[in-house]
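1. Sequence first, predicted coordinates after that:
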Amino acid sequence: MADISDADARPTVAFLQNALSDVHFPAGSRLTFEPGGQLELSSVPARTPDEVAQALRADVAVLRPALRAYGLDLRAEANDSGRAPRRVSNRPRYEAMQTWFEAGGWTTAREMMCNTASVQVNIGCGPDPVSTWRRVHALIPVLAGAFAASSAHGWASSRLRAWAGLDPSRTSSALSSGDPVADWAAYALAANTIAWRDANGEVRPADGAFSLAEWIAGAPCAPRPPTVADLDLHVSTLFPPVRLKGWLEIRVIDMLPDEWWPVPIAVTSSLLGTGSAGADNYTWLDAVAGLTWQDAGRQGLGLPALAEAADHAFALSEAILEGQGSQLTELVSRYRSRFIAPQLGVCASRSAVRA
């Protein structure tokens, strides 16, 4: 989001809410506002990636001119490197998060909150949640590397660099035993507590570092025993590469330019959607099993094993999408040819895999 007449200006959330209060989105997307004035457009649930892409395109087509009427330009950038990070939302939750992060010395917190944006793909857990949970984590370095689009500071994804500079108790992988419910409960209990709610329900930053488990056990620096409202708040401040919310929220994909943002939606949903597991045994992911989202964010497809895995993932995705009659197949193929194949040093085959 940028002011057309002043590149350094940053409209407040209050201004944006007022400017867009009468905007009606024909496809029903939900608009929310992030700490630095970023806009998050969330589509309604859909059965296919084509439906999601069509809905978001329709709603973006309404949003863009509405912003231009106020002299604002909607920009699809993973990391805004042109402006100093500044919070323009006065929501107590964001204020508490910034206060806690900065008190703990997590210096990239303001950049993460105010200057970064991503394509967050939500996928249902499917009929076999354990298998889906394990498979999505195996794909995380591939997705992070293939869609790293904010090169700066020696990282292929400077957005992921900002995340890597934060409290690892809430940004590391939640995968441990392989069972999603057990893993998520253990992760939430082990994560440091950022904030709590006072007697009036207001969000306050936590004083010091103590995990949720330590809070429950009576940590001396905790304000009082935790409540259900505190638990809900705590879970909302957990940011692993895959977040469990009754569905799987995938958080490692950089925001991409307008031409390309439907690609991660198509690739991710095709590789993780119902029926995709039978298309391939996914043993090709063994070659990148030791890589983390931080490794992928730092080096991207400069890692040969990751480039090879990404090429295989895209080939498989194309085959699945083609079998489903998806209109996004050709876009995925073009992304593969432009961004994946050059990293292999050869021209990728258009028909390497068939489901």
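-> Thanks, I have the structure now.
2. so where is the stretch 251-355 of the chain shaky, pLDDT-wise?
-> 274-280, 345-355 (pLDDT under 70).
3. which residues of it fall in helices?
-> With helices called from DSSP state H, counting those that start in this stretch, the stretch 251-355 of the chain shows them at 262-272, 293-299, 304-323, 329-335, 341-344.
4. Quick one: distance of the second one to the chain centre.
-> The one in question is helix 293-299. For helix 293-299, the separation from the chain centroid amounts to 14 Å (computed by Cα atoms, centre = their mean, to the nearest Å).
5. what's that helix packed up against?
-> helix 129-146, helix 158-164, helix 304-323 (3 or more Cβ pairs under 8 Å, 6 or more residues apart in numbering; DSSP states H and E). For glycine as for every other residue, the C-beta is placed from the backbone atoms N, C-alpha and C.
6. Run the angle between the first one and helix 304-323 for me.
-> Pointing back at helix 129-146 there. Interaxial angle, helix 129-146 versus helix 304-323 (axes from the mean of the first three to the mean of the last three Cα atoms, to 10 degrees): 120 degrees.
7. Now helix 129-146: average pLDDT?
-> Averaged across helix 129-146, the pLDDT comes to 97.
8. which of the residues in the helix or strand hosting Glu95 are buried?
-> Element membership for Glu95 (DSSP states H and E) is helix 92-103. Residues of helix 92-103 classed as buried: 92-101 (neighbour count, 16 or more other Cβ atoms under 10 Å).
9. all helices of the stretch 51-200 of the chain, in order?
-> Under DSSP H, counting those that start in this stretch, the stretch 51-200 of the chain gives helices at 92-103, 109-115, 129-146, 158-164, 168-171, 180-190.
10. So which of these is the most surrounded?
-> Compared across the helices of the stretch 51-200 of the chain, helix 158-164 shows the largest average neighbour count, a mean of 25 (mean count of other Cβ atoms under 10 Å).
11. what about it, average pLDDT?
-> pLDDT averaged over helix 158-164 gives 98.
12. just checking, what packs against it?
-> For helix 158-164, the packing partners by 3+ Cβ pairs under 8 Å, 6+ apart come out as helix 109-115, helix 293-299.
13. okay, now Ser150: neighbour count?
-> Neighbours of Ser150 under the rule other Cβ atoms under 10 Å: 27.
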